[in-house]
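In: Below is the structure, and that's it, no one-letter string:
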Ligand code: ADP
Ligand code: MG
């Protein structure tokens, strides 16, 4: 615990909430603490991710304890892997049920495709039950059309990354079932919960009907309006702030 607080101090981390887990000191720590998947660790190392960044030190154990997260860290602090690493592990752990379990919402197509590329690096060569590969998709216009025309089953994917409008379009046409989603992540939450998107984000939340839905918000800034929304939609969240909290 002394080590953990020294580590936290070294990156000016401020973590609050009930039963906050200790941060990890390295990705290897995940093996002993969470029976982390060796193939996933291997994918990290092969892509040059050898040491976690501060937001990853803090957020990965929180997510693996299945807790709601409100995380804030400056641009470039490694927020994408902070939510993707535990998500991929949780999909591996939950191999007995098929269908969409992880949903990541991003305000722009460009950002969504960057998240997809990072996620692909992590899930590469990982097979679940019956040698089925872990399937991640970027909800593009063409994938949306294929889902609507039932050319592709929506049961095929474990993780989907989308912008709000594209997602709502397919959900409203009953081409994508969100009722079994267990992990819902809002990246750049400050944008997703401002006036432009707040209605769509609410629609997405109501389409995710799983009672044990875990929610996470990641952002470079947390304006008080987002803080309020977070407190109202989350269950006993843990707040992780790295660096300065910009308002
Ligand atoms: P943010 O979303 O906080 O702005 P990103 O998730 O886009 O930051 O990460 C910024 C860059 O840092 C990316 O190029 C990413 O690949 C890299 N990165 C993230 N985590 C690590 C890590 N643990 N080791 C090395 N590079 C990393
Ligand atoms: Mg980011």
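Out: Sure, I can see it. All values reported here derive from a predicted model rather than from experimental measurement. Ligands and ions are numbered 1, 2, ... in the order given.
In: which residues in the chain form helices?
Out: 2-10, 29-34, 38-46, 54-64, 79-93, 109-123, 141-148, 164-172, 189-192, 198-207, 224-233 (DSSP state H).
In: Contact partners for the residue nearest to residue 3 when sequence neighbours are not counted?
Out: What sits nearest to residue 3 in space, not counting adjacent residues and going by CB to CB, 6 or more residues apart in numbering, is residue 25, at 7.1 Å. In short, each C-beta sits where N, CA and C put it, glycine included. Taking CB atoms under 8 Å, 6 or more residues apart in numbering, we find residue 25 in contact with 3, 7, 57.
In: between the residues you listed, which is nearest ligand 1?
Out: Each of the contacts of residue 25 was checked against ligand 1 using CB to the nearest ligand atom; the closest is residue 57, at 9.5 Å.
In: From residue 75, how far out is the closest residue to the closest one other than its chain neighbours?
Out: Using CB to CB, 6+ apart and skipping residues adjacent in sequence, the residue nearest residue 57 is residue 23, 4.1 Å away. From residue 23 over to residue 75 the distance is 21 Å, taken as CB to CB, to the nearest Å.
In: higher neighbour count, these two?
Out: Neighbour comparison, residue 23 and residue 75: the larger count goes to residue 23, with 24 against 8 (by other CB atoms under 10 Å).
In: for that one, phi and psi?
Out: Here is the backbone geometry of residue 23 (degrees, to the nearest 10): phi -70, psi 160.
In: so where's the protein uncertain?
Out: Using pLDDT under 70 as the threshold, the predicted model of the chain has low-confidence ranges 244-247.
In: Enumerate the residues of the chain near ligand 1.
Out: Residues of the chain that fall close to ligand 1, judged by CB under 6 Å from any ligand atom: 49, 51-53, 56, 73, 75-81.
In: Please repeat the previous calculation with a cut-off of 8 Å.
Out: Among all residues of the chain, those adjacent to ligand 1 (criterion: CB under 8 Å from any ligand atom) are 27, 44, 47-53, 55-56, 73-82, 114, 118, 187, 218, 220.
In: out of those residues, which are buried?
Out: Among these, those classed as buried by 16 or more other CB atoms under 10 Å are 27, 44, 49, 52-53, 55-56, 73, 77-82, 114, 118, 187, 218, 220.
In: Just want the phi and psi numbers for the residue nearest to residue 3.
Out: Backbone geometry at residue 25, expressed as degrees, to the nearest 10, gives phi -100, psi -20.
In: From ligand 1, how far out is it?
Out: 13 Å (CB to the nearest ligand atom, to the nearest Å).
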